[in-house]
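Colleague: below are the sequence and a predicted model; questions follow.
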Amino acid sequence: TRARSVAMTTFAAGWASKLKSIKVRFSPMLSPEKQVRGLREFLRQAGTPHAGADKLDVSLDLSETSAAAGVEVTLLSGKTIVVPEDKLTLNGILRTIDDELE
């Protein structure tokens with residue numbers, strides 16, 4: 001819902017300060033549009049002051065031949081989170097990270 005979306009964005013302040021690295025892969029042409037939008041917005045927000053990441057290592061793998069998309073996040077603790085493909089929207093990614101941080 002819209003209220004959940006707004007609340008999640010507000011709640012997520014500083015979320016990236018707990019992350020060591022982000023690896024994102026997708027195809028701008030072949031991956032589903034909803035995933036592409038979610039991944040692009042996730043990357044955009046990871047770099048904002050609101051996210052709170054000072055030293056975040058971000059790698060991006062853009063494919064011209066594969067529609068496979070994914071996000072892998074490594075926490076400062078060393079734990080790696082692989083976001084399920086059906087959760088590759090901005091809120092889905094943030095919820096998955098938040099669930100692991102709790």
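Modeller: Here it is on my side, so go on.

Colleague: ok, which stretches of this protein are helices?
Modeller: Listed in chain order, the helices of the chain (DSSP state H) span 2-11, 33-46, 90-101.

Colleague: closest one to Ser59 among these?
Modeller: Ser59 lies closest, by Cβ to Cβ, to one member of the helices of the chain: helix 33-46, at 10.6 Å. Every residue, glycine included, has its C-beta placed from N, CA and C.

Colleague: what's the mean pLDDT across that closest one?
Modeller: Average pLDDT, helix 33-46: 90.

Colleague: next: stretch 50-68.
Modeller: On average, stretch 50-68 scores 87.

Colleague: quick one: end-to-end length of it, please.
Modeller: End-to-end distance of stretch 50-68: 29 Å, with Cα to Cα, to the nearest Å as the criterion.

Colleague: can you pull out the residues in contact with it?
Modeller: For stretch 50-68, contacts defined as Cβ atoms under 8 Å, 6 or more residues apart in numbering pick out 12-17, 19-32, 43, 45-47.

Colleague: now, of the residues you listed, which are buried?
Modeller: 12, 15-16, 19-20, 22-27, 31, 45-46 (16 or more other Cβ atoms under 10 Å).

Colleague: circling back: what's the closest of the helices of the chain to Ala69?
Modeller: Short answer: helix 33-46, nearest of the helices of the chain by Cβ to Cβ, at 4.8 Å.

Colleague: I'd like the helices of the chain as TSV, with distance to Leu56 appended.
Modeller: Output for the helices of the chain, formatted as TSV (distance: least, Cβ to Cβ, whole Å):
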stretch	distance to Leu56
helix 2-11	18
helix 33-46	6
helix 90-101	13
